[in-house]
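Trainee: attaching a predicted model along with its sequence, questions to come.
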Amino acid sequence: MIMKNGKHLTMGIESSCDETAIAVLADGREVLSNVISSQIEIHKVYGGVVPEIASRHHLHNIPFVFDQALEEAGVSLDEIDEIGVTAGPGLAGALLMGTAYAKAVAMAADKPLVGVHHIQGHIMANLIEHPDLKPPFLSLVVSGGHTSLIEVRGYNDFKVLGETRDDAVGEAYDKVARLLGLGYPGGPKVDKLAKEGNPHAIEFKRVYLEKDSYDFSFSGTKTAVINYLHTEEQKGHEFNRADVAASFQKAVVEVVVNKAVKAAELSGYPAIALAGGVASNSELRKELAEACKKHGLKLYIPSPIFCTDNGAMIAAAAYRKAMEGKFADLRLDVWPALDLEKETYKLDAVSVV
Amino acid sequence: MLILAIETTGPYASVALTDGTDYRMLTNDSDYSHLQETVPMVKKLMEQENVKPEELSAVAVSRGPGSFTGVRIGMATAKGLAQIWDKPVICVPTLESFAYSEPAPDPETVIAPIFDARRSQTYAAAYVRSADGAVTELVPGAAYDTDSFFAMLGSVMSEHPELKRVEFFGDGTKAFAGKLEAFGYPCGCAPEKSRFQTADRVARLAVKMYTENSITDTYGCEPDYMRLPEAERKLKEKLSAQAAEAAK
């Protein structure tokens, strides 16, 4: 094994949505580079990510991002120990670009390949800045495509306690942002506007589902917002957009926080690790921090740069998989809807070429 | 000269190696597994032919048109390989590669690749190859309304009585079977085995392009989709309609 100053180097490649990102990590935690080429400006005009456009841009961007990641890390490809790539879940065409490229690079450079589950990446992003964090712990994953409560039993061992049955938190935010004429991406815009509003102005429905369920549902809350706006318009009332944003955010965050804390307490885990793009949401961070303090739970939150889709989180997960010998072969496929608990073996299946 | 060629734009992925004389090819017989099979096929072919990366002169890739996803898989693979091996890239136009089919069609036969582009369109072209191997473009490769393409091809046939028949290639042979039947000139579909895109044709055209120094690199090679993404097309239509409205 080639070692750079005795360190184990992992490259992580991520292209599951609209960020083309590549990073180099040392020993699974130390970020040597973390290059993210975001397409957000390109998709803004469409009000959301257009998969075909995202795929075209990934293809163009990826070799440049790769060079920059190695250059900023100050290492050569020879010194990299393995190449991790997001192979699911995500947009099929977008996943294909990172995976096809990673396979070519792995073959050309004769490097081991690791197929990474995108959500494992988000969870492992917590390890980067928190050297004390070790499984087992509970993770709350909130992003544009995912809302899940996950028991992290080991670095590669997960139990999904609950997940969304309809919209992910990020999706609900995007839709409400559209209703309020805020544009895309909705999360940060609703969050910002909410700061100017009264969170108790409108009591939107809190959806807890069945007693003891850790699943989520946000489409009901979203519909409540639609109905509210509709009714106000029909009555000819002026509504306060900031109050709507603040009240919607309150309704969503309250449910998420209460479920996360309850899950941590019942499962006996002393810590919650927040993960995913929506982990940057200021209200969620604040409420979760207060609730964790109140219940004596330790809270871990990655810096915003590691919450958004990035290569460092993929490298962090790839490192953990490599340590347990979980490598992919060159026939690695992509899995747009890949279950974290039951299906990650698909990434590691060994077959004869 | 030693060129590796990758073709993933059609229903079956294939890879080929050539020194300009011999052509060796591996084809994946099952469709819809381009991502899974392409890189392993490259590895296998190079091992089988005992070719080391440093011996390669260039990596050639079929640049489209074709399935958008298919075009990208080959392109991403070629970019990755060429970048790591530090080799030039030959960006081969997919439609034109059919003009390099072997065995050579007779010089009186028009070679017409027609791909099903849906929405009543076809990515198509027409070529003829003389006895000395020179290729003449009769209808340039582009996205056409299917009826317009067949009308253009009909005009070519009437203007060139020396051309006796048309041989059609590509998945359009099935999608436009009715139009082929109604085409007023002698024509037929290429045999099933050689009907679709193949890496050996890409390699043949790549050899020509390589000798003409028509090469680029990982950063410069781009697909030729011949069509905008649907969302972008609709947005452009909307914006131009708005501009027209404003002009009034």
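Mentor: That came through, no problem.
Trainee: low pLDDT regions in the stretch 251-353 of chain A?
Mentor: Low-confidence segments of the stretch 251-353 of chain A (pLDDT under 70): A:349-353.
Trainee: list the neighbouring strands of the lengthiest strand in chain B plus their orientation.
Mentor: If you go by DSSP state E, chain B has its longest strand at strand B:135-145. The pairing partners recorded for strand B:135-145 under DSSP bridges are strand B:121-129 (antiparallel).
Trainee: OK, contacts around B:Y12?
Mentor: B:Y12 sits next to B:27-29, B:31, B:196-198 when contact means C-beta atoms under 8 Å, 6 or more residues apart in numbering or on different chains. All C-beta atoms are positioned from the backbone trio N, CA, C, and that covers glycine.
Trainee: so which of those are in strands?
Mentor: Under the assignment DSSP E, the contacts of B:Y12 contribute B:T27 to strands.
Trainee: following element in sequence after the longest strand of chain B, please.
Mentor: Following strand B:135-145 in sequence order, the next helix or strand is helix B:146-159 (DSSP states H and E).
Trainee: quick one on the thing from earlier: can I get the longest strand of chain B in PDB, CA atoms only?
Mentor: Listed next in PDB are the C-alpha coordinates belonging to strand B:135-145 (Å, rounded to 0.1, in the frame of the first residue of the first chain):
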ATOM      1  CA  VAL B 135     -16.300   8.900 -48.500                       C
ATOM      2  CA  THR B 136     -18.700  11.600 -49.800                       C
ATOM      3  CA  GLU B 137     -21.400  13.100 -47.700                       C
ATOM      4  CA  LEU B 138     -24.700  13.300 -49.500                       C
ATOM      5  CA  VAL B 139     -26.900  14.400 -46.600                       C
ATOM      6  CA  PRO B 140     -25.000  16.000 -43.600                       C
ATOM      7  CA  GLY B 141     -25.600  14.400 -40.200                       C
ATOM      8  CA  ALA B 142     -28.200  16.300 -38.200                       C
ATOM      9  CA  ALA B 143     -31.600  16.100 -36.500                       C
ATOM     10  CA  TYR B 144     -34.300  16.100 -39.200                       C
ATOM     11  CA  ASP B 145     -38.000  15.900 -39.300                       C
END
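Trainee: what residues does it touch?
Mentor: With C-beta under 8 Å, 6+ apart as the criterion, strand B:135-145 contacts B:65, B:93, B:95-96, B:99-100, B:110, B:112, B:117, B:120-130, B:149, B:152-153, B:156, B:160, B:226-227.
Trainee: one more time with 6 Å, if that's ok
Mentor: B:95, B:99, B:117, B:121-129, B:152, B:156, B:226-227 (C-beta atoms under 6 Å, 6 or more residues apart in numbering or on different chains).
Trainee: try stretch B:46-59
Mentor: The contact list for stretch B:46-59 (C-beta under 6 Å, 6+ apart) reads B:1-4, B:17, B:24, B:78, B:81-82, B:85, B:87-90, B:210.
Trainee: pull out the buried residues from those residues.
Mentor: For the contacts of stretch B:46-59, a burial check counting by 16 or more other C-beta atoms under 10 Å in any protein chain shown picks out B:3-4, B:17, B:24, B:78, B:81-82, B:85, B:87-90, B:210.
Trainee: are we agreed that A:C292 is in a helix?
Mentor: Yes. Membership of A:C292 in a helix is supported by DSSP: H, G, I helix; E, B strand; the rest coil.
Trainee: now the one residue in the stretch 101-250 of chain A that gets nearest to chain B. Nearest residue, chain neighbours left out?
Mentor: The nearest approach of the stretch 101-250 of chain A to chain B comes at A:A104, 2.8 Å away (C-beta to the nearest C-beta). Leaving out its chain neighbours, the residue that sits closest to A:A104 by C-beta to C-beta, 6 or more residues apart in numbering or on different chains is B:G80, at 2.8 Å.
Trainee: state the helix or strand in which the one you found lies.
Mentor: B:G80 belongs to helix B:68-85, assigned by DSSP H and E.
Trainee: any idea how far A:A168 is from the residue positioned nearest the centre of chain B?
Mentor: Central residue of chain B (C-alpha atoms, centre = their mean): B:T94, 1.5 Å from the mean position. Using C-beta to C-beta, to the nearest Å, B:T94 is found at 38 Å from A:A168.
Trainee: likewise A:P135?
Mentor: Distance, A:P135 to A:A168, by C-beta to C-beta: 24 Å.
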